[in-house]
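In: Test case, fold it:
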Amino acid sequence: MHYPNKAIMLVVTSMLYLSGFAGGAQAGPVAKADAQPTKLAAVQQPEANAKEPAANTQHGQVLFKENCEVCHQEEGRGKPGLAPSLTNKELLSAASDRFLLETIRDGRSPTAMPSFGAYMKDNDIKDIIAYLRSFHKTALIGDRVDNDRPAMGDPRLGKRWFTQVCAGCHGVNGGGYAEAGSGSGTAIGTSGFLSKASDGFIRYIIMNGRSNTPMRGFYGPDGLASLTHQEIDDIISYLRIIQN
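Out: Sure thing, here's the model as predicted:
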């Protein structure tokens, strides 16, 4: 009978297993049930409320004189047939910082308005915007205007109103100076304008016009054409399909 030997072998094997050597595997330290996890080095997060540097109006004036005044004239007054006014109260009230920044940065293809993004940083452009806004202390409604409802109009009717009311200044295709020659209207049928202008912004300008320019308001009984809200939406819808 070999039971004693088998018993001894079972005892030895059990001891080896418990000591961590059974099957040739090394045993590591046993983690305590209440051991705390290793703390990772803190990752520095950007300051949540970090503020951009305040716009520098004086720097904006210098940049405007160097880059913009040749077309938009002194103090941004503009000149019909060359470049529009940039300091009329309606524009400064209804144009959002986004609209102005993107227009200056990207230009307004295919008009003579070039892109300044290759020469200026966004903060430089913001300085120019601050300079322009210094001419009128009006309520800034640009963000609200941009978030106004999209136009729900009939482009077929819009073509009729556009031809009767707008084409005389802005050109049949909305090409502005390039199409209408020395006409007083800017290019409003181009991708350079329509890709940045919200329906709310276009609606506001058609309704209220732009002082210091030949553009007058066309809405209601006091407007040049007594357009209704729906007719203005028809025009906007037409512009959206003719952009060139």
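In: what's the helix or strand hosting residue 207 packed up against?
Out: Per DSSP states H and E, residue 207 falls inside helix 199-208. For helix 199-208, the contact count by 3 or more C-beta pairs under 8 Å, 6 or more residues apart in numbering; DSSP states H and E identifies helix 89-94, helix 142-146, helix 229-242 as packing neighbours. In this view, the C-beta of every residue, glycine as well, is placed from N, C-alpha and C.
In: can you put those in a markdown table and add mean neighbour count, mean pLDDT and distance to residue 196?
Out: Listed next are the helices and strands packed on helix 199-208 as a markdown table, based on neighbours: other C-beta atoms under 10 Å; pLDDT from 0 to 100; distance: least, C-beta to C-beta, whole Å:
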| stretch | mean neighbour count | mean pLDDT | distance to residue 196 |
| --- | --- | --- | --- |
| helix 89-94 | 22 | 96 | 13 |
| helix 142-146 | 17 | 97 | 10 |
| helix 229-242 | 20 | 97 | 13 |
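In: Turn those into JSON lines, including distance to residue 103.
Out: Converted to JSON lines, the helices and strands packed on helix 199-208 look like this (distance: least, C-beta to C-beta, whole Å):
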{"stretch": "helix 89-94", "distance to residue 103": "11"}
{"stretch": "helix 142-146", "distance to residue 103": "12"}
{"stretch": "helix 229-242", "distance to residue 103": "17"}
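In: if we can go back for a sec, got a list of contacts for the helix holding residue 207?
Out: Helix 199-208 is contacted by residues 90-91, 94-96, 99, 142, 144-151, 188, 215, 217-220, 223, 227, 232-233, 235-236, 239 when judged by C-beta atoms under 8 Å, 6 or more residues apart in numbering.
In: Buried ones in it, by neighbour count?
Out: 199-208 (16 or more other C-beta atoms under 10 Å).
In: Taking these, tell me the two that lie furthest apart.
Out: Between any two of the buried residues of helix 199-208, the greatest separation by C-beta to C-beta is 14.9 Å, found for 199 and 208.
In: From residue 96, how far off is residue 133?
Out: Separation of residue 133 from residue 96 (C-beta to C-beta, to the nearest Å) stands at 11 Å.
In: returning to that earlier point: can you tell me which of the helices and strands packed on helix 199-208 is nearest to residue 180?
Out: Taking C-beta to C-beta, helix 229-242 is the member of the helices and strands packed on helix 199-208 nearest to residue 180, at 14.9 Å.
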